[in-house]
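> I would like to see how this sequence folds:
(2 chains)
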Amino acid sequence: MSQPHTGSHETHDAHGSLKSYIIGFALSIILTIIPLVAVMNHMLSKTGTIVLILFMAVLQFGVQLFFFMHVKEGENARWNIMALIFGLVILLTIVAGSIWIMTYNQVAH
Amino acid sequence: MAHAATQGGHHAHDHEHDHESLKTFGFWIFLITDCILFGSLFATYMVLHQNTNGGPTPEELFKMPGIIAETFILLTSSFTSGLAVLGMHKGNMKQLIGWLAVTVLLGASFVGLELMEFINMVNHEGATISTSAFLSAFYALVGTHGLHVSVGLIWMVGLMLQLKRRGITAVTKRKVAVISLYWHFLDVVWIFVFTVVYLMGVM
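Numbers count the residues shown, from 1 in each chain, chains lettered A, B, ... in the order given. Next up, the predicted model:
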């Protein structure tokens, strides 16, 4: 079944296992169904729902990052994480800054 | 580099290895800049999404069954691209190509569903990109994601052809790892599109 290839030595630590992929997949399905059910059945108040679904999306991001993209593994892990944090800081500044300035500064007219 | 040079014996191998892992790191940097691009589009959408200019509103436009199908198709394709990488690290060419092919099929059905959704919106609801600020922001954000997925599909098919020709080498290994990162990243972006655009739109 498996055809060993020259130069493809096994380094499983840096690439995850079938088990971790299946766990990641199951978690991502669950984290999609929870917000879906909450929204379709109007289970919570408006603010409650927004907080819940955004929280689920962030968790889902984490699942993809750790189970599928292996940010913490491999030799460049520290650099990956530093670049990621830097990117997220800029991202939050853009998104939160835009919303804040467009929502609250309209009274200036 | 200096470190690799002092190692002596595995000189050439280490050097090549350094190079490949540096390229993967470079791809991480690209993904982060892409993240910022999508962040700007999300910010634009969130600022403009209430400005419907008398045109159709999100509640009227979005048909959830199609969106839910798209979401699960993309989640599954993220998983299958992971399985392809697993197959590759086992040196199993059949598994690698097979799971890449499944990923391409799932990705193509995602793009197909999205196109059908757009065509329906334009034909039946008259919701074009110039109808309202909300729709301009919507098509820009969701369209950019769809374009990324389409580019990923072409890339993946090209890579499959190269794998057939060259087999699993250090270079093709890095390429598969990189496209798999790209695919997981697109899945992450879709999750936020799903949450911020569709779920919040029909709330």
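
> is it true that residue B:85 touches residue B:180?
Yes. Using Cβ atoms under 8 Å, residue B:85 is in contact with residue B:180, at 4.9 Å. C-beta: built from backbone N, CA, C; applies to glycine.

> Give me the below-cutoff pLDDT ranges for chain B.
B:1-17 (pLDDT under 70).

> Show me where chain B has its helices.
B:2-6, B:11-48, B:58-61, B:64-89, B:93-125, B:133-166, B:170-192, B:200-202 (DSSP state H).

> do chain A as well
A:18-40, A:46-63, A:77-104.

> gap between the residue lying closest to residue B:162 once chain neighbours are set aside and chain A?
Using Cβ to Cβ, 6 or more residues apart in numbering or on different chains and skipping residues adjacent in sequence, the residue nearest residue B:162 is residue B:172, 6.4 Å away. From residue B:172 across to chain A, the span is 10 Å (Cβ to the nearest Cβ, to the nearest Å).

> Tell me which residues touch residue B:172, please.
B:159, B:162-163, B:166 (Cβ atoms under 8 Å, 6 or more residues apart in numbering or on different chains).

> burial measure for residue B:165, as a count.
By the criterion of other Cβ atoms under 10 Å in any protein chain shown, residue B:165 has 8 neighbours.

> list the contacts for it?
No contacts exist for residue B:165 under Cβ under 8 Å, 6+ apart.

> now residue B:203
A:39, A:46, A:49-50.

> contacts with chain B among those, please.
With Cβ under 8 Å from any Cβ of the partner chain as the criterion, the contacts of residue B:203 include A:39, A:46, A:49-50 near chain B.

> just checking, residue A:98 touches residue B:44?
Yes. Contact criterion Cβ under 8 Å: residue A:98 and residue B:44 qualify, at 7.4 Å.

> rewinding a little: with respect to pLDDT, which of the ones next to chain B among the contacts of residue B:203 ranks lowest?
Taken together, the ones next to chain B among the contacts of residue B:203 show their lowest pLDDT at residue A:46, with 89.

> Give the closest residue to it in space, chain neighbours not counted.
Nearest to residue A:46 is residue B:203, by Cβ to Cβ, 6+ apart, at 6.8 Å.

> Against residue A:73, how distant is the one you found?
According to Cβ to Cβ, to the nearest Å, residue B:203 stands 37 Å off from residue A:73.

> And residue A:61, by the same measure?
From residue A:61 to residue A:73 the distance is 17 Å (Cβ to Cβ).

> most centrally placed residue in chain A?
residue A:61 (0.7 Å; Cα atoms, centre = their mean).

> Next, the contact list for it, please.
B:188, B:191-192.

> ok, 7 Å please
Residues in contact with residue A:61, defined by Cβ atoms under 7 Å, 6 or more residues apart in numbering or on different chains, are B:188, B:191.
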